[in-house]
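Asks: Build me a model from this:
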Amino acid sequence: MTWLALASLVAWIYLALLHGRFWRAGPVLTPARPARAPSVAAIVPARDEAAVIADSIGSLLAQDYAGDFRVVLVDDGSEDGTGAIARSLPGARLDIIAGTPRPPGWAGKLWAVQQGVAAAPDADWLLLTDADIVHDPLHVATLLAQAERSGADLVSEMVALNCTTRAERALIPAFVYFFQLLYPFARVNAPRSRVAAAAGGTILIRRDTLARAGGIAAIRGALIDDVALATAVKRAGGRIWLGHSALARSIRPYPDVAEIWRMIARSAYVQLRHSPLLLAGTILGLALLFVVPPAATLRGEWVGALAWAVMTATFLPTLARFGLSPLRAPLLPLAALFYMAATVGSALDHHRGRGVVWKRRAYTDRQSWGRQA
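Replies: Down below sits the predicted model:
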């Protein structure tokens, strides 16, 4: 146990000091206006989003943006009246498209996005955003200003997530923390780094950059479509900026632990490319980082306590972002155990033939639905 605790401490020192400052609370996108106002089309794929669509589309139609701006909603076979609710909203800038059945090899969301992109052929920029996101009136202008300031071809944000229920407070901050651990924003934003990622709630991309990366068709089967798109853009020579948002938030609730489990399990094994070896390595790595320190501490190992202290310190900025007490930071290992279990559950579902089920669609073929970029 002493040697394991020492290995964990060394790993945490490396992560804290040399892993792209993953633990930082920033960068944060703050309100601004661009010097120029190119045309923008917001593409919103929506499937059974009746509970949130009015707030989401309404916030897009209320954008304070000087340039030409349109919203294209693709109703992707909704059965709950999503399209009817959207059609009742006032606004000449809204186009509603009835999505067609997805062709073989396409993920449902990406086929809807493809149809939305095709319906906005004259837009200089495309805002790919989920149907559960509510946008501040200056959001589009600020995204363009960030692209202008940084020279980025793709600007993306980790939007503010719901964190009100007991389950959300216990597990959602850890979700953001683990995303940053996997994709340190500083490395994502570095042109010479191979690390690429985006957050699917908000992705602003130049149309010509999207075309140069092969279009939506290049990632047509990817379930983790945001990371796949960012990877395709970086491979095509484009620049990426990824940060946190103060101007957009998700209104999709996760009222209990079971909902968060399903959110993780639907894509965790996809992220590991359906590989049992990667799964085993991931679980062992997470155990070394998050299980060994508290276990060693309970055995009286001071090295384990020091590793736990470093881990706790790296979690503090994330908790502060959510307005939660720093006293929650030492409990990060419990959240890690939950995410480890959900990842194993995702693998078991796949090997039992259940695959991924999302929005009444099931994806089971490991070649067609993995990361393609």
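Asks: Look through this protein and tell me its longest strand.
Replies: strand 240-250 (DSSP state E).
Asks: Domains in this protein, by residue range?
Replies: Following automatic domain parsing, the chain resolves into domains at 2-21+258-357, 28-254.
Asks: about what we covered before: partners of the longest strand of the chain, with directions?
Replies: strand 28-29 (parallel), strand 133-135 (antiparallel), strand 154-160 (parallel) (DSSP bridges).
Asks: Just say helix, strand or coil for the most centrally placed residue in the chain.
Replies: Central residue of the chain (CA atoms, centre = their mean): residue 199, 3.3 Å from the mean position. At residue 199, secondary structure determined by DSSP: H, G, I helix; E, B strand; the rest coil is coil.
Asks: how about low-confidence regions in this structure?
Replies: 354-373 (pLDDT under 70).
Asks: burial of the nearest residue to residue 2 once chain neighbours are set aside, as a residue count?
Replies: Nearest residue to residue 2, sequence neighbours excluded (CB to CB, 6 or more residues apart in numbering): residue 301, at 5.8 Å. The C-beta positions use only the backbone N, C-alpha and C, and glycine is treated the same way. By other CB atoms under 10 Å, 20 other residues sit near residue 301.
Asks: Can you give me the distance of residue 301 to residue 31?
Replies: According to CB to CB, to the nearest Å, residue 301 and residue 31 sit 48 Å apart.
Asks: related to what we said a few turns ago, indicate which one of the strands paired with strand 240-250 is closest to residue 318.
Replies: strand 154-160 (10.5 Å; CB to CB).
Asks: After that closest one, which helix or strand is next?
Replies: Of the helices and strands lying after strand 154-160 in sequence (DSSP states H and E), the nearest is helix 166-182.
Asks: give the contact list for residue 332.
Replies: 174, 177, 290, 311-312, 315 (CB atoms under 8 Å, 6 or more residues apart in numbering).
Asks: same thing but at 10 Å, please
Replies: 173-174, 177-178, 289-290, 293-294, 308, 311-312, 314-315, 318-319 (CB atoms under 10 Å, 6 or more residues apart in numbering).
Asks: Would you quantify the distance from it to residue 307?
Replies: Distance of residue 332 to residue 307, given as CB to CB: 12 Å.
Asks: Ramachandran coordinates for the spatially closest residue to residue 186 that is not a sequence neighbour?
Replies: Nearest residue to residue 186 in three dimensions, chain neighbours excluded: residue 20, at 4.2 Å (CB to CB, 6+ apart). Main-chain dihedrals, residue 20, degrees, to the nearest 10: phi 60, psi 20.
Asks: ok, now the one 4 residues further on?
Replies: Here the main-chain torsion angles of residue 24 (degrees, to the nearest 10) amount to phi -60, psi 150.
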